[in-house]
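please find the sequence and the predicted model below.
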Amino acid sequence: PFFFLTLYAVQKISGLETSLLLRVVPLVLATILVAGTYFFTRFVGGTENVAVLAAILAAASPHITIGVEYFIVANWFGILVMMLFLYTFLRSVAQRSTLRMFLTFALSGYALGVHYFTWLFMILVITIYFLMSVVEKRFASKGDMAFCAVVVLGCVAVVVPAVLVAYGVGGGLLASLGLVEHMLGNFLTQATPMNFVAFLQDQERIYNYFGREHYAIPLLYALAIVGFAKLRCLRNDQGRLLKSWFISSCLGILVVHYNEWWRFLYVVPLEVLAALGLATLLGYVRARQRSDPSMIARDGFVPVALLMLIFFVLGLLLAFSSLPSFLLFLSPVAVVFVELRCPREKDWSEITFVLAAFLALEQLSRALYVLA
């Protein structure tokens with residue numbers, strides 16, 4: 001209900017017609033999602049370059065492609081609310097701020113009214129964060145642990161007035177509550193790790209998830225795993241929060257039936273983790289260059305050759321897709337712009353390389369679909 005109330009308020013303020021408003025909503029949400037990904041990546045400990053990488057990946061993420069195709073903008077908007085919620089939650093716990101705590105409660109209630117599944121996922125994330133902090137003995141004192149527990153319980157407690165209001169108002173709210181109970185019942189009764197084993201035995205499903213469907217982005221998965229391993233070096237609260245987010249997604253994928261995987265794949269922080277993973281690999285390459293004089297001698301040739309190879313691969317892959325081939329010119333234009341803007345910043349050249357590489361990756365999945 002809060003999502004529709006928000007759209008109604010925007011319509012009244014902007015004066016847009018309903019059909020025009022519904023066409024504009026995905027564009028606005030896409031812009032906000034990219035910006036939100038950038039700021040959230042900076043918040044969890046990423047550098048500015050890593051945050052730019054995450055934003056580039058988010059611009060062509062499944063959040064946007066699926067949201068536009070199927071118009072599941074409530075899920076989409078819920079991700080934005082979740083990032084803001086996780087920010088206020090961590091700030092309130094770290095500073096033991098009562099004001100931020102009540103703001104966190106308000107965002108929890110708002111998220112519940114926007115998209116209940118996203119709210120359930122948010123609660124799972126902060127619960128895992130609390131348990132992980134207890135196990136790793138990260139709380140400085142028992143008071144800090146008690147305050148964090150109160151914040152978590154308060155975020156869960158917002159469901160009580162929501163249920164009471166639903167029963168009091170009845171109608172659509174009560175029907176929605178019944179749908180929630182039915183979905184949770186199906187999830188809990190069918191939840192078993194054998195679902196993942198059954199997926200591994202289904203070749204068609206494996207092909208769909210790695211070669212044909214919206215989530216057929218295996219290289220991004222690999223980079224996200226590298227980024228998750230990088231989180232071991234981030235022993236602060238922000239790194240633990242991002243780790244909890246990723247673990248929550250993986251737990252859902254491991255136990256639910258693969259027909260419901262999209263619910264969890266839709267909320268995996270793939271872009272943030274992949275940006276961390278790619279930055280880690282690029283840092284490893286730079287370290288090898290510094291330690292190997294022969295690589296340093298070839299430093300001027302390798303980047304140019306690599307970019308040319310990427311453009312060639314892009315053109316080859318575009319030939320197997322239905323997208324217009326002029327998209328190939330986006331990569332050299334980006335290179336020229338970046339080099340003119342920051343001619344001595346190698347990190348920006350690497351970001352441009354990532355942009356081209358991700359475009360190639362996206363086209364590879366489309367090419368696999370066409371060839372199938």
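Right, received. Where do you want to start?

wait, what's in contact with Tyr167?
By Cβ atoms under 8 Å, 6 or more residues apart in numbering, the residues touching Tyr167 are Leu174, Leu177. Bear in mind the C-beta positions are built from the backbone N, C-alpha and C, glycine included.

from Gly178, how far off is it?
11 Å (Cβ to Cβ, to the nearest Å).

over to Ala60?
From Ala60 to Gly178 the distance is 37 Å (Cβ to Cβ).

low-confidence ranges, the protein, go.
Counting by pLDDT under 70, the ranges of the chain that qualify are 211-212, 234, 285-372.

which residue is nearest the centroid of it?
The residue lying closest to the centre of the chain (Cα atoms, centre = their mean) is Pro269, at 3.0 Å.

tell me which stretches of the stretch 201-350 of the chain form helices.
203-207, 218-230, 237-255, 261-265, 270-291, 293-297, 301-318, 330-341, 346-371 (DSSP state H, counting those that start in this stretch).

and the stretch 1-150 of the chain, by the same measure?
Using DSSP H, counting those that start in this stretch, helices in the stretch 1-150 of the chain cover 2-14, 18-43, 48-59, 62-70, 73-95, 98-114, 116-135, 142-157.

would you list these in a markdown table and tack on mean neighbour count?
Converted to a markdown table, the helices of the stretch 1-150 of the chain look like this (neighbours: other Cβ atoms under 10 Å):
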| stretch | mean neighbour count |
| --- | --- |
| helix 2-14 | 13 |
| helix 18-43 | 17 |
| helix 48-59 | 22 |
| helix 62-70 | 17 |
| helix 73-95 | 21 |
| helix 98-114 | 19 |
| helix 116-135 | 19 |
| helix 142-157 | 16 |
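
that older thread, from what I see, the residue nearest to the centre of the chain and Leu241 are in contact.
No. With contact defined as Cβ atoms under 8 Å, Pro269 does not reach Leu241; the gap is 10.2 Å.

hang on, the earlier thing: just tell me which of the helices of the stretch 1-150 of the chain ends up closest to Ala191.
Among the helices of the stretch 1-150 of the chain, the nearest to Ala191 by Cβ to Cβ is helix 116-135 (12.8 Å).

other residues contacting the closest one?
With Cβ under 8 Å, 6+ apart, helix 116-135 has contacts from 75, 78-79, 81-82, 85-86, 89, 108, 111-112, 138-139, 145, 148-149, 151-152, 155-156, 176, 180, 183, 240-241, 243-245, 247-248, 251-252, 263-264, 267.

and the gap between Ile247 and Asp144?
Distance from Ile247 to Asp144, by Cβ to Cβ: 22 Å.

just Ser19 next, same as before
To Asp144, Ser19 is 51 Å away according to Cβ to Cβ.

so which of the helices of the stretch 1-150 of the chain gets nearest Glu204?
Comparing the helices of the stretch 1-150 of the chain by Cβ to Cβ, helix 62-70 comes nearest, at 20.0 Å.

any residues touching that closest one, and which ones?
Residues outside helix 62-70 that contact it (Cβ under 8 Å, 6+ apart) are 26, 29-30, 33, 58, 72-73, 75-76, 79, 214-215, 217, 262, 265-266, 270.

quick one: that helix to helix 73-95, angle?
150 degrees (axes from the mean of the first three to the mean of the last three Cα atoms, to 10 degrees).

helix 62-70 vs helix 18-43, what angle?
170 degrees.

can you show me the CA trace of helix 62-70 as CSV?
Extracted in CSV, the C-alpha atoms of helix 62-70 (Å, rounded to 0.1, in the frame of the first residue of the first chain):
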residue,chain,number,x,y,z
PRO,A,62,19.0,-7.5,-13.7
HIS,A,63,17.3,-5.1,-11.4
ILE,A,64,16.9,-2.7,-14.3
THR,A,65,16.4,-5.2,-17.2
ILE,A,66,13.9,-7.3,-15.4
GLY,A,67,12.2,-4.4,-13.7
VAL,A,68,11.6,-2.7,-17.1
GLU,A,69,10.5,-5.8,-18.9
TYR,A,70,8.0,-7.0,-16.3
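
how far off centre is that helix?
Its chain's C-alpha centre and that of helix 62-70 lie 13 Å apart, by Cα atoms, centre = their mean, to the nearest Å.

what of stretch 20-34?
Averaging C-alpha positions (Cα atoms, centre = their mean) puts stretch 20-34 17 Å from its chain's average.

stretch 32-50 too?
Centre-to-centre, stretch 32-50 and its host chain are 11 Å apart (Cα atoms, centre = their mean).

ok, residues contacting that stretch?
Where contact means Cβ under 8 Å, 6+ apart, the residues beyond stretch 32-50 that reach it are 51-52, 54-55, 58-59, 61, 63-64, 76, 79-80, 83-84, 86-87, 234, 236, 238-239, 241-242, 271-272, 275-276, 279, 347-348, 350-351.

go through the helices of the stretch 1-150 of the chain and name the closest to Thr192.
For the helices of the stretch 1-150 of the chain, the distance to Thr192 is smallest for helix 116-135, at 17.5 Å, taking Cβ to Cβ.
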